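Asks: The sequence and its predicted three-dimensional model are supplied below.
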Amino acid sequence: MTILEIILLAAGALLIAASFFFPEKEEASSIENIDALVREEVKASIEAESENMRRHVEDVVDEAVSYAEEKTERTLERITNEKIMAVNEYSDTVLDEINKNHKEVMFLYDMLNDKQKNLKNTVTEASEAAKEVQKTTEELKSVSREVNTSPAEVTINTENMGPVKMTSQKAVNFFSGLEAEEAKATIKSVSEEEPVKEVRTLNWASLAVNDANEAEKKEAAKEGREPENVIEGPRERLNREVIELADSGMEPVEIAKKLKMGVGEVGLILGLHGR
């Protein structure tokens, strides 16, 4: 054999031996390619499924959030409406109370105005009555001064009886003999709408007699003599009767019933006279 033949045989053997290795490598590479393809497919599927899941989760979350927002809005609207209604009711109640208080204040204000008018009228009438009393007192003083001189005829102006002509001695006896009920000048409140009518009584005859007695006592003290012609008026007689009944052992209640007086007035008279 020549060298060429040997080389060709060796090359052929090598090719035959190499032919056993080439299919194995191709099969291994094809398996690797399939595995890579499978991996890529699985990866793509997973990614696609993940994307689908993500979208589904987002949709569910968005739906849940929308539902929660709607429910919250409805709840807030209901609560707001309830609060608004409660505030409206409370405001109506407050306004009613304010109107009621306003009406009460206006009623009290009108009542105070009426009271003020009645008080002014009463004060005016009292002033007029006081002037009449003062005038009558002056006339009575003049009469009492003329008692010891001459029985001159005098004219006394009275509110209830008009002008009365009599002698000075008769005038003194007339006023000293007046009963309390006959000598009362009553001043009544003008308003008839009040629940209680205010009545004030002024015993002008008793005041006149007291003033005349005081004048006589002062003149007697200046002249250093005992008072003369001291007149016992209705009040003095009443005080004397109260003291006499108390000295006789009667209780203030019994005295008040007998003389038709108040128990407090009887107690005041007894207290002033040390009984």
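Replies: Thanks, I have the structure now.
Asks: What segments of the stretch 51-200 of the chain are helices?
Replies: Using DSSP state H, counting those that start in this stretch, the helices found in the stretch 51-200 of the chain span residues 168-176.
Asks: so what's V253 up against?
Replies: V263 (Cβ atoms under 8 Å, 6 or more residues apart in numbering). Bear in mind the C-beta positions are built from the backbone N, C-alpha and C, glycine included.
Asks: and it, how far is that from H273?
Replies: 18 Å (Cβ to Cβ, to the nearest Å).
Asks: Check K83 too.
Replies: With Cβ to Cβ as the criterion, K83 and H273 are 77 Å apart.
Asks: If you count neighbours, what's buried in stretch 239-259?
Replies: 239, 242-243, 245-246, 250, 252, 255-256 (16 or more other Cβ atoms under 10 Å).
Asks: Looking at the residues you listed, which one is closest to T93?
Replies: Taking Cβ to Cβ as the measure, A256 is the one of the buried residues of stretch 239-259 closest to T93, at 54.3 Å.
Asks: Please identify which helix or strand holds the closest one.
Replies: helix 252-259 (DSSP states H and E).
Asks: Packing partners of the following helix or strand past that helix?
Replies: Next helix or strand after helix 252-259 toward the C-terminus (DSSP H and E): helix 263-272. Contact analysis of helix 263-272 by 3 or more Cβ pairs under 8 Å, 6 or more residues apart in numbering; DSSP states H and E lists helix 234-247, helix 252-259 as its packing neighbours.
Asks: The ones you listed: which one's closest to M111?
Replies: The nearest among the helices and strands packed on helix 263-272, by Cβ to Cβ, is helix 252-259 at 34.9 Å.
Asks: Okay, now the unreliable bits of this structure?
Replies: Across the chain, the ranges flagged by pLDDT under 70 are 1, 4, 18-31, 143-213, 216, 226-234.
Asks: change it to 50
Replies: Scanning the chain with the threshold set as pLDDT under 50 gives 25-26, 148-203.
Asks: Walk me through the domains of it.
Replies: 8-50, 65-226, 233-275 (automatic domain parsing).
Asks: From H102, how far out is E138?
Replies: In terms of Cβ to Cβ, E138 sits 53 Å off from H102.
Asks: for L272, same thing?
Replies: For L272 relative to H102 (Cβ to Cβ), the value is 51 Å.
Asks: now R39
Replies: In terms of Cβ to Cβ, R39 sits 91 Å off from H102.
Asks: Next: P252.
Replies: Applying Cβ to Cβ, the value for P252 to H102 is 50 Å.
Asks: hang on, the earlier thing: could I have the CA atoms of the helix holding A256 written out in CSV?
Replies: C-alpha atoms of helix 252-259 as CSV (Å, rounded to 0.1, in the frame of the first residue of the first chain):
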residue,chain,number,x,y,z
PRO,A,252,-105.2,92.2,119.9
VAL,A,253,-107.2,89.7,117.8
GLU,A,254,-110.4,90.4,119.8
ILE,A,255,-109.8,94.2,119.7
ALA,A,256,-109.3,94.0,115.9
LYS,A,257,-112.6,92.1,115.4
LYS,A,258,-114.5,94.4,117.7
LEU,A,259,-113.2,97.7,116.1
